[in-house]
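In: From the sequence below, what's the structure:
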Amino acid sequence: MRKKVDRGAALAGELAQLLPGAAPETTAELLKDLHLLTREGDLNADARRKLKQIRHLLQLVGPALDDVLARHPDPVIVDCGAGKSYLGFLLYATRLVRESKGRMISIESRAELVAAASERAARFGCARMTAVAGAIAEAPLPERVHVVTALHACDTATDDALVRAVTAGADWIAVVPCCQAEVARQLGDGGPSEPALAALCAHPWHRRELGSHLTNVVRALALEAHGYAVTVTELTGWEHSLKNELILARRVKRFDRAAQERLDELVARFGITPAIVRALPTAVPT
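Out: Now for the predicted structure:
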């Protein structure tokens, strides 16, 4: 009996570090339901890595949540490509459960995951959390959203989240991209005509690496062109995830002409037309 109490106390202490602000008892049951804890209450290495990523993301978007909760009567937070809604549930457990306002909406295309999230939200008393079925670009949302997130949305799904955020006038955007193949394919099919730039993508490995980097540079410039102040940083240690780049953006003005010009020049020189460029109109009025 003594050993069991010590084990429970140790787990509660670790959860308090991984998810500060959440009630330990409720959080442990929620994590079991999300299969991030075993039925016996153990936290395996894979779940610990996942929780550390989410903890860091929640810490980095903390100022965004503080801002919208202070300025808006009922801010709307949207998580795109939510999957099993790990991020949405843990954001709710660490922040919104302590607030008297704020809504969490998770967008997911797989109907079975939406149904499971809706049922879980009801069981755990997440009254201001909703799971919405559909593609990111088309899922029904309130007219005004305030924070948009996407954690490891694959390839152009991250662009869909960014486009949805910009067109909805989101105050804050936070995305951690996953695999990125579209620009690498475009570099292989066409690519830059300048010999020095063409040498950067002559080999498939280099095209994949350069394509991934260019994709996120284009995303950051597109956000800047649409009036966002952008920070690009490491999410967590590389030992936890190889997909580790966080793009965090705050809307500060209507548009930035210089950023639009840099974006136009970049895509022209590399001969690419990424999804975010195709989907978003030019930010600068003609």
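
In: and residue 50, which of the three is it?
Out: Per DSSP: H, G, I helix; E, B strand; the rest coil, the secondary structure class of residue 50 is helix.

In: Is there a neighbour count for it? I'd like the number.
Out: 19 (other CB atoms under 10 Å). For every residue, glycine as well, the C-beta is placed using N, CA and C.

In: if I read this right, residue 132 contacts residue 140, doesn't it?
Out: Yes - using CB atoms under 8 Å, residue 132 makes contact with residue 140 at a distance of 6.3 Å.

In: Which of the two has more residues huddled nearby?
Out: Using other CB under 10 Å as the criterion, residue 132 and residue 140 rank with residue 132 on top: 16 against 9.

In: chain center to the helix of greatest length in the chain, what's the gap?
Out: Counting residues, the longest helix found in the chain (DSSP state H) is helix 204-225. Averaged C-alpha coordinates place helix 204-225 at 17 Å from its chain's average position (CA atoms, centre = their mean, to the nearest Å).

In: Next, the buried residues of that helix.
Out: 207-208, 210-212, 214-225 (16 or more other CB atoms under 10 Å).

In: Chain neighbours aside, what residue packs nearest to the residue nearest the centre of the chain?
Out: Geometric centre of the chain, nearest residue: residue 150, 2.2 Å, by CA atoms, centre = their mean. Spatial nearest neighbour of residue 150, excluding adjacent residues (CB to CB, 6 or more residues apart in numbering): residue 161 at 3.8 Å.

In: If we go by neighbour counts, what in the helix or strand where the one you found lies is buried?
Out: For residue 161, the element it lies in under DSSP states H and E is helix 157-167. Buried residues in helix 157-167, counting neighbours by 16+ other CB under 10 Å, are found at 157-166.

In: can you list those in CSV and add pLDDT?
Out: What follows is the buried residues of helix 157-167, written out as CSV (pLDDT from 0 to 100):
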residue, pLDDT
157, 91
158, 94
159, 95
160, 95
161, 96
162, 97
163, 97
164, 96
165, 97
166, 96
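
In: Mind jotting down where the helices sit in the stretch 151-286 of the chain?
Out: Applying DSSP state H, counting those that start in this stretch to the stretch 151-286 of the chain gives helices spanning 157-167, 182-189, 195-198, 204-225, 257-270, 275-279.

In: residues making contact with the first one?
Out: Spelled out, that is helix 157-167. Residues from elsewhere that reach helix 157-167, judged by CB atoms under 8 Å, 6 or more residues apart in numbering: 78, 80-81, 135-137, 141, 145, 148-150, 153, 173, 175, 177-178, 180, 219, 222-223, 226, 228, 274-276, 279-280.

In: Now, of these, which are buried?
Out: Neighbour counting with 16+ other CB under 10 Å marks 78, 80-81, 136, 141, 145, 148-150, 153, 173, 175, 177-178, 180, 219, 222-223, 226, 228, 274-276, 279-280 as buried within the contacts of helix 157-167.

In: Mind checking which of the residues you listed are in strands?
Out: Of the buried ones among the contacts of helix 157-167, the ones assigned to strands by DSSP state E are 78, 148-150, 173, 175, 228.

In: any idea which of these is the one closest to residue 93?
Out: residue 149 (15.1 Å; CB to CB).

In: For the closest one, give its distance to residue 48.
Out: Distance, residue 149 to residue 48, by CB to CB, to the nearest Å: 21 Å.

In: hang on, the earlier thing: ok and the helix holding residue 161 relative to strand 147-151, angle-wise?
Out: Counting by axes from the mean of the first three to the mean of the last three CA atoms, to 10 degrees, helix 157-167 lies at 180 degrees to strand 147-151.
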